[in-house]
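>>> Model the following, please.
(one chain, ligands or ions: 1)
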Amino acid sequence: ALYLKQKMNGFVPAGNRSPPSLPSLPIIGSLMSLVSDSPPHIFFQDLQKKYGDLYSLMMGSHKLLIVNNHHHAKEILIKKGKIFAGRPRTVTTDLLTRDGKDIAFADYSSTWKFHRKMVHGALCMFGEGSVSIEKIICREASSMCEVLTESQNSAVDLGPELTRAVTNVVCALCFNSSYKRGDAEFESMLQYSQGIVDTVAKDSLVDIFPWLQIFPNKDLRILRQCISIRDKLLQKKYEEHKVTYSDNVQRDLLDALLRAKRSSENNNSSTRDVGLTEDHVLMTVGDIFGAGVETTTTVLKWSIAYLVHNPQVQRKIQEELDSKIGKERHPQLSDRGNLPYLEATIREVLRIRPVSPLLIPHVALQDSSVGEYTVQKGTRVVINLWSLHHDEKEWKNPELFDPGRFLNEEGDGLCCPSGSYLPFGAGVRVCLGEALAKMELFLFLAWILQRFTLEMPTGQPLPDLQGKFGVVLQPKKFKVVAKVRADWEKSPLMQHC
Ligand code: HEM
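Sure, this is the predicted structure:
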């Protein structure tokens, strides 16, 4: 109404107006309009019918801009990436990251830029083109195949085994170490990770109304306990590394961070101003675990859920593996270009069930605009990746699982049929582990499907495909049977793994 009044009076220049907004009350904001049985990404998608694909709402005293189409998303993430590179401070993420001393939840600053650049450099060192990361992933894939062989014909929840494999890859990168099955430290790590996933950044009430912290709160208590266990473990690894650290060798990410910290302490001009503390080192490693394990494991679980729902897709991947790799050798990273159907399947899983359906919220660091609308400094921006990946204008039958949509007409090469696809985000805050995650997804799935066919245990219903919304969108637990494929029992490779 105010806008119309202003416009009639000629106060508002064309293209200078606020986005449509949900009704809001003082203190509670739009909370009354946000009561819904649907998870937030689906609810926000539904609200488009009433408010259009860009609208705002109030969460307590914070203004949120909800973005549901890829043109606006790219304007925010890429074209105006630096303006929208901030992160909101919340009670739970502040607890998790010692007030934003990590990468994912830290606000945009020179320390954050330095951190990100350094960790990016360290990950690249192990990245594509380097043999060591491939060796690490293949070692874990081989160990996983061994476990599947032992348990074949019985129904197993692959979740813990996938988590162990992915955790060990991150452990090797961060600490140059790995865990055996059943290791006590590893078990406690699994427990605290799940506790953090269940409680952090869910836009829970304490994040909307920080003063609620003064009241007893079960989620916050669990989160504090999990963080305390995580911190003891990180501290232990840190102390061990300090003792064995040498300037001449860089064994892992923790060494790279130690070196950067020492360099900033020695007043090196390139690092002097960024103030890298012990907290920064610990929280950065914590971040890589937090962002690197649950996400990749969840995509693997979704892949398996969709493969048992779609045995024809599984068969097609296996035919591709048989014809391009055969049974005489293991899949390698260099096979990636030759296995378009497997790659297309991974892309389709990332589209249909984005693990991070709302990305991580961004914040406008100055007054700006999106499309024809103005956006005030401090506005929190939520990119609804779910809407982008299920947009009927961009995707034919978006709810249909169809890897073929990512293949060219000949079916022998990859394509991206729509720009409405950002599983790792984009721009300044794009996922730091995208290359690593893609290598893991490719190798783990190729190794498993080369040897096994995944099926539902007799009489069991197919896995639920709706998912459980939290800091990542996870499938509910399900069991599968991993059957060794015909001719594979006798294969020398099978004996090897
Ligand atoms: C399939 C697996 C993964 C998916 C789908 C994924 C997706 C994402 C998404 C959507 C974001 C948010 C981007 C934004 O806010 O605009 C993100 C951020 C991030 N990811 Fe990933 N990720 C995956 C694996 C990994 C791995 C393996 C690592 C670590 C090695 C990692 C490290 C990070 C970090 C540090 C950030 C924060 C970046 C920043 O704020 O500057 N991710 N990821």
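>>> Tell me where the model's unsure across this protein.
Where the chain drops to pLDDT under 70, the residues are 1-15, 25-36, 126-131, 201-216, 267-275, 491-497.
>>> tell me the helices in the stretch 301-450 of the chain, going along the chain?
Assigned by DSSP state H, counting those that start in this stretch, the helices in the stretch 301-450 of the chain fall at 311-324, 340-352, 385-389, 434-451.
>>> ok, the last one near the ligand or not?
So that's helix 434-451. Yes - Helix 434-451 reaches the ligand (CB under 6 Å from any ligand atom) through 436-437. C-betas here are computed from N, CA, C, even on glycine.
>>> burial of whatever residue of the stretch 351-497 of the chain ends up closest to the ligand, as a residue count?
Distances between the stretch 351-497 of the chain and the ligand by CB to the nearest ligand atom are smallest at residue 433, namely 2.1 Å. Using other CB atoms under 10 Å, residue 433 is surrounded by 20 other residues.
>>> Check the spacing between it and residue 487 real quick.
36 Å (CB to CB, to the nearest Å).
>>> correct me, but residue 168 touches residue 180?
No - here residue 168 lies out of contact with residue 180, judged by CB atoms under 8 Å, at a distance of 9.4 Å.
>>> if you count what's nearby, which of those two comes out ahead?
For residue 168 versus residue 180, the count of surrounding residues by other CB under 10 Å is larger for residue 168: 22 against 9.
>>> Now distance to residue 84 and mean neighbour count too, for the helices of the stretch 301-450 of the chain, in CSV please.
What follows is those, written out as CSV (distance: least, CB to CB, whole Å; neighbours: other CB atoms under 10 Å):
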stretch, distance to residue 84, mean neighbour count
helix 311-324, 37, 16
helix 340-352, 23, 23
helix 385-389, 15, 26
helix 434-451, 19, 23
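>>> Out of these, flag the one nearest residue 63.
Minimum separation from residue 63 across the helices of the stretch 301-450 of the chain (CB to CB) falls at helix 385-389, 19.4 Å.
>>> what does this structure put close to the ligand?
Applying CB under 6 Å from any ligand atom, we find that the chain lies next to the ligand at 103-104, 116, 287-288, 291-292, 295-296, 299, 355-356, 359-360, 423-425, 429, 431-433, 436-437.
>>> Go again with 5 Å.
Proximity of the chain to the ligand, by CB under 5 Å from any ligand atom, involves residues 103-104, 288, 291-292, 295-296, 299, 355-356, 359-360, 424-425, 429, 431-433, 436-437.
>>> Can you turn the buried part of those into a PyMOL selection?
Remark: buried members of these, expressed as a PyMOL selection using 16 or more other CB atoms under 10 Å:
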select buried, resi 103+104+288+291+292+295+296+299+355+356+359+360+424+425+429+431+432+433+436+437
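>>> What residues sit buried inside stretch 414-424?
For stretch 414-424, burial by neighbour count (16+ other CB under 10 Å) applies to 418, 420-424.
>>> Over to stretch 92-99?
Neighbour-count burial for stretch 92-99, counted by 16+ other CB under 10 Å, picks out 92-93, 95-98.
>>> now swap in stretch 188-201 and tell me
189-190, 192-201.
>>> Among those, which lie within helices?
189-190, 192-199 (DSSP state H).
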